[in-house]
Every structure is written in structure tokens, then in C-alpha cells.
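Dropping a prediction and its sequence here:
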Amino acid sequence: FSSRRRHTRSLCDWSSDVCSSDLGGAFVIPNEGFIKIHVLSAHLTHNTEPGLFNKMDPFVILTVGKQQWRSAVCVNGGRNPHWQGQVMDIPVRKLRKLQKLVTIDVRDKDVLHSDPIGHAQVPLAFFASRGPIEEWVELKFRGFPAGRIHMRSTFTHLPGAGIAIVQQPQPQVVVTQGPA
């Protein structure tokens, strides 16, 4: 797991007076809002098309609880696909929802079906931090490294929703074995 967190201020920076280093591992979020997860790019090392490595047509499926989102297919994206404008909006109305997992599945679209490329699971709280966050999340396929996916997230709070300080350490990425 490679962490490249970048915190920036925005015009509606609801917590600019709170520094996360002052919170002893806790983090600040509004009680209600939307987490936007942007799928940006990937560097894939698992080949689903032997001999045709650059012919893969990757797409991403993000699942949070019962909500599922699918990106556009990056036609001929091969090992290094890039997506534009691919965003999943996740409404957050209760803090306990942050304990749910975001399942990330990267697949290769074929004519009649799709093949798994890589898989990861990340706590939703991982994306619910102050300021925009950009991360490379490691993917696994059958327990072996399958590459990384580059994601950005922002939390947009609803006006008047209040602020909560979550008294837990910043979540760690949990990488699990992909489908067998």
C-alpha cells in the first residue's frame, strides 16, 4: 500500500480551523453529506489476455453495501487505463455507514462476459477525511499482486449537518484476495 495523501483547502473548507495532527489519530467529518469517489487510472500487472496484453478493456465496479456503481469501459486501455469523469456518489447520513467496506473490482470486458483483473476492499472511512484525498490502492488476484488503482475522493457536507470528530485512527487499507 502506497499512501500519497494530499490535503487541500477549498472554498467551503468546513474544518480549516482543525488540524488532523491535533486530533491524535481521529479525523473530522460532517454528520451528513456525500463522498465522491473518482476512478482516475490504474497500473495493472495481471494479464487476462495472454499474448494480447495491451488489448484489455478494463472497467471498475465499486460496491458499498447494496449500492453498486460501474465505470465506463476503457476500450484498449491495456495495462494503464485512464478514466475521465467516472465518479461514484455515496450518501452518508449516519456515521456507522463509514464502517462499511468499499469493494473495488477491476475487470476486463470481453464480448460475452468479463474477466477479473484485480480486487481490493477499503473501509469507507478511508475516503471520508478532511480535504481531497488521492490514493493508489493495491489490487490482488487470487492472493497475488495484480496492480494498483488511482482514486481521488472528496467529502461534500450538507449545510447545517454539523461536524463529528471520529475517535479512531485513520483507517488502513484492507486488501483481500480476489475471486477464485
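Cool, got the structure.

in its sheet, what does the strand ranked longest in the chain sit against?
In the chain, ranked by residue count with DSSP state E as the criterion, the top strand is strand 144-157. Using DSSP bridges, strand 144-157 pairs in its sheet with strand 33-44 (antiparallel), strand 133-141 (antiparallel).

Can you list the buried residues in the shortest one?
Buried residues in strand 133-141, counted by 16 or more other CB atoms under 10 Å: 133, 135-137, 139-141. In this view, the C-beta of every residue, glycine as well, is placed from N, C-alpha and C.

Also the longest one?
When neighbours are counted by 16+ other CB under 10 Å, the buried residues of strand 33-44 are found to be 33-42, 44.

Need the max-distance pair from those residues.
Spanning the widest gap among the buried residues of strand 33-44 are Gly33 and Leu44, at 31.9 Å by CB to CB.

burial of Gln68, as a residue count?
12 (other CB atoms under 10 Å).

Disregarding residues adjacent in the polypeptide, which is nearest to it?
Distances taken as CB to CB, 6 or more residues apart in numbering put Ile61 closest to Gln68, at 6.5 Å, once the chain neighbours are dropped.

which ones are touching the one you found?
Going by CB atoms under 8 Å, 6 or more residues apart in numbering, Ile61 touches 68-71, 103-105, 107.

Is Pro91 bridged to anything, and to what?
Where Pro91 sits in a bridge, its partners, by DSSP bridges, are Phe34.
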